[in-house]
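S.K.: Build me a structure from this.
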Amino acid sequence: MFAIVGILIVFGAVIGGFLMEKGQILVLVQPAELLIIAGASIGTLLVANPVHILKGILAGLMGVLSGSKFGKERYLSTLKMMYQFLNKVRKEGLLSVEMDVEKPETSGIFKNYPEFLKDHHARDFVCDTLRMAITGGVEPFDMDQMMELDMEVHHHDATEPVSALSTTADALPGLGIVAAVLGVVITMGALGGPPEEIGHKVAAALVGTFLGILLCYGVVGPLAANMTKTADEHNGYLHVLRVLLLSFLKGSAPITAVEIARRAIPAHVRPSFDEMEKRCKSQQAAEPAKAA
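M.R.: Residues are numbered from 1 along each chain as shown. Here you go, the predicted model:
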C-alpha cells in the first residue's frame, strides 16, 4: 500500500512542479518515447533472465504492492503454532507428529494456520527439519548446518529477481537517451520546417531522457530496493524458526524454545513476553474446554 502511495507522490510532485512553472502537461504525453523505453527495458529483461527469475520479479512486485506479511501478529501466530506443536512432541514423542510433518495440509495443528501453509518455503523448512529429527541419528550441530544451508540457498534465490530488476533500473536512463537520440534524428529531418514543429520534436526527444531517469530513480529502483527488504524480512522469519527448532532439538522446553525464538524477532515487530505468554496460555485453556 505504501509503495503505491509513494509512486503517486513521486509523479504528483514532478508533474505538480512542472505545472507550477506554467508547463503544458500535454508536452509530457509522448506515447512513442514511452513505447521505446518501456519496450526496450522489457525486452532486455526477457533476454537477460530465465523464466523462474521473471516469475520471481512478478511475485516480488505483487508482494511489495500488498505490503509486509511479517508483522507482530504473524510472529505471534507462528510462536503459538510452534509451542502447540512442540508440546505435542514433548507429551507424545516425535513419532506422534510424523503425519503432521509428512502431510502438513491435513495436520490438526498446521491446518489452523493458513498463512504458514501458504508460505511453502517456511512450511518445507520446518517440516524437512522435523523429518530429519524424527529419522534420528543427526546431531543438533549438523541440523543447524542444514538449516543454515537451506536459508542461504533460499535467500540467494530470493535476491536474484531483485538483482535483475535493479539491472533494468540502471539501464533505463540509457534507454531514455536512446529515445532522445531517435527524437533528435527525427528533428534533424524536420529542419527548415516551421519553428513550432521543430520545437515540438525537440521537446519530445527531451521527454525520452526525462522518462528514463524518472522511471529509474522514481519507480523501478525503489521497487527493487523494497523487494530486497521483503527478501530480508522472509530470511529473518526463517531465522526465527531456525533458532526455535535448534533450541528444542538441544533439549529446551517448548516455552523456553519459544522465548529464545521471540528474542530473535526484529525489534520493530517483536511481541512482548506477556503478549507471547497470553497467546500460549489461551491455547492451553482451550484444550481442556475441548476435552470437556
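S.K.: all contacts plus neighbour counts: C-alpha atoms, from now on.
M.R.: Fine.
S.K.: Please enumerate residues in contact with the helix or strand containing residue 257?
M.R.: Following DSSP states H and E, one finds residue 257 within helix 254-263. The contact list for helix 254-263 (Cα atoms under 8 Å, 6 or more residues apart in numbering) reads 79, 82-83, 86-87, 90, 240-241, 243-245, 247-248, 270-271, 273.
S.K.: at 6 Å what do you get?
M.R.: Here helix 254-263 makes contact (Cα atoms under 6 Å, 6 or more residues apart in numbering) with 83, 86, 240, 243-244, 247-248.
S.K.: And for residue 160, nearest residue in space, chain neighbours not counted?
M.R.: Excluding the flanking residues, the one nearest residue 160 by Cα to Cα, 6 or more residues apart in numbering is residue 53, at 6.7 Å.
S.K.: now the one you found: how far from residue 236?
M.R.: Going from residue 53 to residue 236 by Cα to Cα, to the nearest Å gives 22 Å.
S.K.: who's more crowded, these two?
M.R.: Neighbour count, other Cα atoms under 10 Å: between residue 53 and residue 236, residue 53 has more, with 22 against 17.
S.K.: Hmm, the more buried one is touching residue 161, no?
M.R.: Yes - the pair residue 53 / residue 161 is scored as a contact, 5.3 Å apart, by Cα atoms under 6 Å.
S.K.: Same question for residue 271, what's its three-state structure.
M.R.: Three-state assignment for residue 271 (DSSP: H, G, I helix; E, B strand; the rest coil): coil.
S.K.: Got phi/psi on it?
M.R.: phi -70, psi 160 (degrees, to the nearest 10).
S.K.: Could you check how far it is from residue 14?
M.R.: Where residue 14 is concerned, residue 271 sits at a distance of 40 Å (Cα to Cα).
S.K.: Neighbour count: the two, which is higher?
M.R.: Each of residue 271 and residue 14 has its neighbours counted (other Cα under 10 Å); residue 271 has more, 19 against 13.
S.K.: From residue 127, how far off is the closest residue in space to residue 96 that isn't next to it in sequence?
M.R.: What sits nearest to residue 96 in space, not counting adjacent residues and going by Cα to Cα, 6+ apart, is residue 89, at 6.8 Å. Distance from residue 89 to residue 127, counting by Cα to Cα: 14 Å.
S.K.: In the protein, which residue is most central in space?
M.R.: Centroid check for the chain by Cα atoms, centre = their mean gives residue 230 as the closest residue, at 3.3 Å.
S.K.: and the gap between that residue and residue 265?
M.R.: Distance from residue 230 to residue 265, by Cα to Cα: 15 Å.
S.K.: Give me the number of neighbouring residues for residue 201.
M.R.: 20.
S.K.: Read off the pLDDT value for the closest residue to it other than its chain neighbours.
M.R.: Excluding the flanking residues, the one nearest residue 201 by Cα to Cα, 6+ apart is residue 187, at 5.6 Å. For residue 187, the pLDDT comes out at 84.
S.K.: Now the element after the helix or strand harbouring residue 187, going C-ward?
M.R.: For residue 187, the host element (DSSP H and E) is helix 140-189. Counting by DSSP H and E, the element after helix 140-189 in chain order, helix or strand, is helix 195-215.
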